[in-house]
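Visitor: Pasting a predicted model and its sequence here:
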Protein chains: 2
Amino acid sequence: MTRIACRQLAPRVGEPQSDRLRATAAIVDALESGAQVIVLPELATSGYMFDSVDELRAAAVPASDPLFALWSELARPTDAVVIAGFAELADDGTLFNSAIVVDGSGVRAVYRKTHLWDREKLFFAVGAELPPILDTAVGRIGVLICYDLEFPELSRHLAIAGADLIAVPTNWPRMPKVAGGVRPEVVIAMAMARINRVAIAACDRSGDERGQQWNHGTSIIDLTGDIVAATEEEGGTAIAELDLSLSRDKQHTALAHALDDRRTDLY
Amino acid sequence: MTRIACRQLAPRVGEPQSDRLRATAAIVDALESGAQVIVLPELATSGYMFDSVDELRAAAVPASDPLFALWSELARPTDAVVIAGFAELADDGTLFNSAIVVDGSGVRAVYRKTHLWDREKLFFAVGAELPPILDTAVGRIGVLICYDLEFPELSRHLAIAGADLIAVPTNWPRMPKVAGGVRPEVVIAMAMARINRVAIAACDRSGDERGQQWNHGTSIIDLTGDIVAATEEEGGTAIAELDLSLSRDKQHTALAHALDDRRTDLY
């Protein structure tokens, strides 16, 4: 069993030092609780509601930032893997909405969001590469960021590539609940998990930031598409233990297979 | 506004004449209630729980069967379109799990299910073509059958092809409800609707057939992914009025577009 923790932080634009501290504290807390996979929200170290590119640039850092080396050091005594969103400043000055994957060995991957939502297009460049999948001590972890989940092409890609778990840092702007009292973005995550028989850990944010409310939709979802842990609380944590190796069995039934039943001759 | 009706029939293997009568009666009822799109379950005229291919063959009919000409005659005074599942006997004797689309002008299309669920593989051949999309008096209607919905590649195909509504005859075997008290197959339908900004009318079946229970998941879903009408009742009807032309606007927001935001350079 793998212990997964998602911490629904509330970063604030213009306070990157405080955001970084709170993200680090969340990782320490999660490690202390025995978490082996720790997921933080999208843009956890910078906030989201930028007024200008200058404001974003002031909070953006490269993947070589000492913060991520510190996270790696914190994780080192354990098998833990940390996935967190951050505003990335690339070597050539380009700004990306990225997620970093860190374990005790260092920075394992940086994923640059390939589907930018709404006003993000005014601030960030889109990533040029499909999301990564990492072999870690606790299994194969794929990464998506927020709106990426609404493109089933990507969840499918990660499932085919063998992801045991898809970690999804998100900042889900508040949307009305749909039937069943669930937020629509969570419905989409549930569907992606079940369709692909893969576990999904989506870490949303909280906090009123410049008038923007959020879904508080943090959810850990098993491969049947059911929510096994969630929090709607401001700053809450969702924790679940999942047998991630189950994601390697794609049989829905003896004669139905989530991936082999695709009609690759038709699409 | 287009009035859509889904009737949760309970066909029974071995009683095709009775199944045909009840399907026809459901169409008459729906027409009398002013329905312009009428969706019946998968295999509505034959039942589902076949013991043998012979039993299936005895209930299978070609698309030229007089039943469908009768349905067309019933629909003729109106703009109505009927979509229903049936066991199809092809000219060469092959058996397909198909859906027929009928309006006042006759049989408009036959779709042969491209993803067969579990034991269906023992009885039916898979269809060789992507699902159709029909220009009708009430808009462009795409068709999927049941398990097809779990392959987002198909909903996506229909949305790109311009479907205003996806009609989905289904026979959803009973599965435990997931978070929110919704059946997982309905969660998937909700996600497909929202991701593609397209309305979905899924007509499930009811009735204990040879010990098999069903989801009773009949749901009409708008393009936000919310359920606007549903029935869990044995033999119940879900009715909703939807402005299907809304499906032509794929903008989630001023700067986010359900289809244009795909990264066709990556997948």
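Guide: Good, I have the coordinates.
Visitor: which bits of the stretch 101-250 of chain A sit near chain B?
Guide: Residues of the stretch 101-250 of chain A lying close to chain B by Cβ under 8 Å from any Cβ of the partner chain are A:114-119, A:121-122, A:126, A:129-130, A:147, A:150-154, A:156-157, A:176, A:178-182, A:184, A:187-188, A:190-192, A:194-195, A:224-227, A:230. Backbone N, C-alpha and C define where each C-beta goes, glycine included.
Visitor: Send me stretch A:147-155 as PDB with only the CA atoms.
Guide: Extracted in PDB, the C-alpha atoms of stretch A:147-155 (Å, rounded to 0.1, in the frame of the first residue of the first chain):
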ATOM      1  CA  TYR A 147      -7.000  21.700 -17.300                       C
ATOM      2  CA  ASP A 148      -4.900  18.900 -18.800                       C
ATOM      3  CA  LEU A 149      -7.400  16.500 -17.200                       C
ATOM      4  CA  GLU A 150     -10.100  17.800 -19.600                       C
ATOM      5  CA  PHE A 151      -8.100  16.400 -22.500                       C
ATOM      6  CA  PRO A 152      -8.600  12.600 -22.200                       C
ATOM      7  CA  GLU A 153      -5.900  12.200 -24.700                       C
ATOM      8  CA  LEU A 154      -3.300  12.900 -22.000                       C
ATOM      9  CA  SER A 155      -4.700  10.500 -19.300                       C
END
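Visitor: Quick one: the helices in the stretch 151-267 of chain A, in order.
Guide: A:152-160, A:184-196 (DSSP state H, counting those that start in this stretch).
Visitor: Neighbours of the residue in the stretch 51-200 of chain A that chain B sits nearest to, how many?
Guide: Residue nearest to chain B within the stretch 51-200 of chain A (Cβ to the nearest Cβ): A:G180, separated by 2.5 Å. Using other Cβ atoms under 10 Å in any protein chain shown, the number of residues around A:G180 comes to 20.
Visitor: for A:G211, same thing?
Guide: The burial count for A:G211: 6, using other Cβ under 10 Å.
Visitor: For the closest residue in space to it that isn't next to it in sequence, give its distance to A:T114.
Guide: In this structure, A:G211 finds its nearest non-sequential neighbour in A:M49, 8.0 Å apart by Cβ to Cβ, 6 or more residues apart in numbering or on different chains. From A:M49 across to A:T114, the span is 22 Å (Cβ to Cβ, to the nearest Å).
Visitor: Repeat that for A:E234.
Guide: To A:T114, A:E234 is 30 Å away according to Cβ to Cβ.
Visitor: quick one, which of these two is more surrounded?
Guide: A:T114 (25 against 14).
Visitor: Surely that one is in contact with A:L154?
Guide: Yes - contact criterion Cβ atoms under 8 Å: A:T114 and A:L154 qualify, at 7.2 Å.
Visitor: so what sits against both of the two?
Guide: Here A:T114 and A:L154 share the contacting residues A:L130, A:P131, A:D148, scored by Cβ atoms under 8 Å, 6 or more residues apart in numbering or on different chains.
Visitor: Next, work out how far apart the nearest residue to A:M175 once chain neighbours are set aside and A:V178 are.
Guide: Distances taken as Cβ to Cβ, 6+ apart place A:P184 nearest to A:M175, at 5.4 Å, with adjacent residues excluded. From A:P184 over to A:V178 the distance is 5 Å, taken as Cβ to Cβ.
Visitor: what touches both of these two?
Guide: Taking Cβ under 8 Å, 6+ apart as the contact criterion, the common neighbours of A:P184 and A:V178 are B:M190, B:T224, B:G225, B:D226.
Visitor: Now narrow those residues to whatever sits close to chain A.
Guide: Answer for those near chain A (Cβ under 8 Å from any Cβ): B:M190, B:T224, B:G225, B:D226.
Visitor: Find me the pLDDT at the residue lying closest to the second one once chain neighbours are set aside, would you?
Guide: So that's B:T224. Closest residue to B:T224 apart from its sequence neighbours, by Cβ to Cβ, 6+ apart: B:R194 at 5.9 Å. Turning to B:R194, the model gives it a pLDDT of 98.
Visitor: Now for B:R194: which residues touch it?
Guide: A:E150, A:P184, A:V187, A:I188, B:L223, B:T224, B:G225.
Visitor: So which of those residues is surrounded by the most neighbours?
Guide: A:V187 (31 neighbours).
Visitor: my read: the residue nearest to A:G211 touches A:Q213, true?
Guide: No - using Cβ under 8 Å, A:M49 is not in contact with A:Q213, being 11.1 Å away.
Visitor: Give the residue from the two that has the larger number of neighbours.
Guide: Higher neighbour count among A:M49 and A:Q213: A:M49, with 18 against 13, using other Cβ under 10 Å.
Visitor: Relative to chain B, how far out is that one?
Guide: Using Cβ to the nearest Cβ, to the nearest Å, A:M49 is found at 15 Å from chain B.
Visitor: Name the SS class of that residue, please.
Guide: coil (DSSP: H, G, I helix; E, B strand; the rest coil).
Visitor: same check, this time on the one 5 residues further on
Guide: Three-state call for A:D54 (three-state DSSP): helix.
Visitor: For it, give me its contacts.
Guide: Here A:D54 is in contact with no residue (Cβ under 8 Å, 6+ apart).
Visitor: gap between the two ends of stretch A:160-172?
Guide: Terminal residues of stretch A:160-172 lie 26 Å apart, using Cα to Cα, to the nearest Å.
Visitor: do the same with stretch A:87-99
Guide: With Cα to Cα as the measure, the first residue of stretch A:87-99 is 8 Å from its last.
Visitor: Give the burial count for the nearest residue to A:L144 once chain neighbours are set aside, as a bare number.
Guide: Distance criterion Cβ to Cβ, 6+ apart; nearest residue to A:L144, sequence neighbours excluded, is A:V168 at 4.9 Å. Using other Cβ under 10 Å, A:V168 is surrounded by 32 other residues.
Visitor: Read off the pLDDT value for A:V168.
Guide: Confidence for A:V168, expressed as pLDDT, is 98.
Visitor: now for the ones next to chain A among the shared contacts of A:P184 and A:V178, which pair is the farthest apart?
Guide: The most widely separated members of those are B:M190 and B:T224, with 9.1 Å between them, by Cβ to Cβ.
Visitor: so what's in contact with the two at the same time?
Guide: Common neighbours of B:M190 and B:T224 (criterion: Cβ under 8 Å, 6+ apart): A:V178, A:P184.
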